[in-house]
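>>> Kindly return the folded structure for what I paste below:
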Amino acid sequence: MTLAVVEELFPQLQPREVVAIEEGWDSLVLDVDGEWIVRIPRRDPVRETIEMEARLLPELARAVPLPVPRFEHVAEDFRAVAYRKL
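Model (predicted):
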């Protein structure tokens, strides 16, 4: 099931293996091929939060000496985001 979801949202990732690593209250978090993290919000307000993250994370990355996720793939209306595993 999760493989099909990732294929639908981000066909460019060409996923082979998808493992659910977190089924939290806000998002389903998937490890895709050990290289990507895909976050799928469970509720509409979480989409808004992820949209805010997309704006703030680049600023944070410039301000701190630590790795910060960079949303490289964003599904329409922030239905999901994908970033390289840190």
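>>> Leu86 is in contact with Ala61, correct?
No. When contacts are counted by C-beta atoms under 8 Å, Ala61 is not listed as touching Leu86 (11.3 Å). C-betas here are computed from N, CA, C, even on glycine.
>>> what sits against Gln14?
For Gln14, no residue meets the contact criterion (C-beta atoms under 8 Å, 6 or more residues apart in numbering).
>>> and if you look at Thr2?
By C-beta under 8 Å, 6+ apart, Thr2 lies in contact with Val18, Val19, Ala20, Leu28, Leu30.
>>> Bridged to the fourth one, which residues?
The reference is to Leu28. Listed beta-bridge partners, Leu28: Glu23, Ile40 (assigned using DSSP bridges).
>>> sorry, back to before: between Ala61 and Leu86, which has more neighbouring residues?
Each of Ala61 and Leu86 had its neighbours counted (other C-beta atoms under 10 Å), and the higher figure belongs to Ala61 (14 against 9).
>>> where's the more buried one relative to Arg39, distance?
Distance of Ala61 to Arg39, given as C-beta to C-beta, to the nearest Å: 17 Å.
>>> For my notes, please list the contacts of Thr2 in a markdown table and give neighbour count for each entry.
Compiled in a markdown table, the contacts of Thr2 are given as follows (neighbours: other C-beta atoms under 10 Å):
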| residue | neighbour count |
| --- | --- |
| Val18 | 20 |
| Val19 | 12 |
| Ala20 | 11 |
| Leu28 | 17 |
| Leu30 | 24 |
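>>> and the residues you listed, which of them are in strands?
With DSSP state E as the criterion, strands contain Val18, Val19, Ala20, Leu28, Leu30 from among the contacts of Thr2.
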